[in-house]
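>>> sequence and predicted structure are below.
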Amino acid sequence: MMEEFLGDEEKSRFWERVDARAKLFLVLLLLGIAVAAENIWAPAACFLFTVLLLSFQDGRFLLRFFPVLLMALFVFASQVFWYGTTPLFHLGRGGLALTGYQEGVFRGALLAARLLGGFSLLLFLSVTTQVKELLAAARWFRMPAPCLEIALSAYRAVHLLAEEILLVYRAQRLRLNYAGWRQGLHSAGMLGGIVLARALDRGETLARALNCRGTGCLAGRAGGKKGDCRGDLLFLGLGGCLAFGLALLGFCLPGSGF
């Protein structure tokens, strides 16, 4: 039943067949480089490279970038108008005028690039690796067993709650609870309350179960099967070269500008 829930889809691409431990290690390494880089080149390269890889996947995964793009735009705009001392341009007139600063442009671009680069790496990991493989890899890296148990239960609970939201919403639609905007707001509030109550109930049940039986363990290796490790070594070698290049871009080039 757990295998059916976590999925066991056929892996047709090279980076999908790589061991989850290798991908987790490399993504964390690249994430550290992208976040600690002193200029925009390293995180921007991470973003473009992962977008290129994800373009071979289902197109719907690229839609997950939209909220992060909006967040990056907000971060950039907030830094442009509220950080720095060297005026670059002015918008508006009188008391509503806004001044953009040169230091704010550089800082905003750096923060936005770090945000996009880091999110793209995590999205690549989540899209190309199954949950059971990620949890098994985390166990191999000696992640505490209670954290793994809670993560697995939380992942399962999210999907169960999503199904319950659809069931309750459809039942409300059958009773014409969304006939008007006032009644629709009331029904939406009821829907949120029902889902919250069920989430709390499931959380309490999970806490009692963990206290009664202790923490379980995930069986199997990170990949679930023993196989040829040449692909994993090739992936790590290419990833190591990429990490070295990003480190040169992020720490050897000047960080005061583009």
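Thanks, I have it. Numbering: from 1, shown residues only.
>>> residues touching residue 33, list them.
Going by Cβ atoms under 8 Å, 6 or more residues apart in numbering, residue 33 touches 42, 46, 243, 246, 247, 250. C-beta here means a position set from N, CA and C on the backbone, and glycine is covered the same way.
>>> repeat that with 7 Å
42, 243, 246, 247, 250 (Cβ atoms under 7 Å, 6 or more residues apart in numbering).
>>> low-confidence stretches in the stretch 101-250 of the chain?
203, 206-207, 210-211, 213-236, 238, 242, 244, 249-250 (pLDDT under 70).
>>> re the thing from before, go through the contacts of residue 33 and name the one nearest residue 144.
Among the contacts of residue 33, residue 243 lies closest to residue 144 (Cβ to Cβ), at 27.2 Å.
>>> one step back: narrow the contacts of residue 33 to just the buried residues.
42, 243, 246, 247, 250 (16 or more other Cβ atoms under 10 Å).
>>> and the strands in this structure?
87-91, 98-101 (DSSP state E).
>>> pairing partners for the first one, with directions?
Using DSSP bridges, the strands paired with strand 87-91 are strand 98-101 (antiparallel).
>>> put the alpha carbons of the partner strand into PDB.
Taking C-alpha atoms only, strand 98-101 is exported to PDB below (Å, rounded to 0.1, in the frame of the first residue of the first chain):
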ATOM      1  CA  LEU A  98      10.200  57.100  -5.100                       C
ATOM      2  CA  THR A  99      14.000  57.100  -5.600                       C
ATOM      3  CA  GLY A 100      15.800  54.100  -6.900                       C
ATOM      4  CA  TYR A 101      19.400  53.600  -5.600                       C
END
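>>> in that strand, what counts as buried?
Neighbour counts using 16+ other Cβ under 10 Å place 100, 101 of strand 98-101 among the buried residues.
>>> can I get the buried ones among the contacts of residue 33 in CSV with distance to residue 108?
Formatted as CSV, the buried ones among the contacts of residue 33 follow (distance: Cβ to Cβ, whole Å):
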residue, distance to residue 108
42, 17
243, 26
246, 21
247, 23
250, 18
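>>> which one among those gets closest to residue 157?
residue 243 (35.2 Å).
>>> okay but that closest one is in contact with residue 30, surely?
Yes: contact status for residue 243 versus residue 30: in contact at 5.8 Å, counting by Cβ atoms under 7 Å.
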